[in-house]
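Enquirer: Got a sequence here, can you build the structure:
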Amino acid sequence: MLADSSKFGHMAAHRVCELNGFDTLITDQPCPAELRTALSRAGGSVIVASTTRP
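Expert: Model prediction:
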């Protein structure tokens, strides 16, 4: 799943999938601890992508 940090803490009008419906969340900033814990319990992980350019 690819989602920027502006999506954290907001409810969407629709659901793409359950937390166990994907393996990895790729985002631009660390996610809140509660979300990180829920993802881990569902068997997922989080990758924070670098936003700087070489």
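Enquirer: and the gap between residue 41 and residue 34?
Expert: Going from residue 41 to residue 34 by Cβ to Cβ, to the nearest Å gives 11 Å. Placement of C-beta: from N, CA and C, glycine included.
Enquirer: residues in contact with the residue nearest the centre of the chain?
Expert: Geometric centre of the chain, nearest residue: residue 25, 4.0 Å, by Cα atoms, centre = their mean. The neighbourhood of residue 25, defined by Cβ atoms under 8 Å, 6 or more residues apart in numbering, consists of 1, 3, 31, 39, 44-47.
Enquirer: hmm, 6 Å instead?
Expert: Applying Cβ atoms under 6 Å, 6 or more residues apart in numbering to residue 25 gives the contacts 1, 46.
Enquirer: So what does it have for phi and psi?
Expert: Residue 25 has phi and psi values of phi -100, psi 120 when expressed as degrees, to the nearest 10.
Enquirer: now it, which residues is it bridged with?
Expert: Beta-bridge pairing for residue 25 (DSSP bridges): residue 46.
Enquirer: Residue 27: how many residues sit nearby?
Expert: Counted with other Cβ atoms under 10 Å, residues neighbouring residue 27 total 20.
Enquirer: And the pLDDT at it?
Expert: For residue 27, the pLDDT comes out at 94.
Enquirer: give me the number of residues near residue 35?
Expert: If you count neighbours by other Cβ under 10 Å, residue 35 ends up with 16.
Enquirer: From residue 13, how far out is it?
Expert: Taken as Cβ to Cβ, the span from residue 35 to residue 13 is 19 Å.
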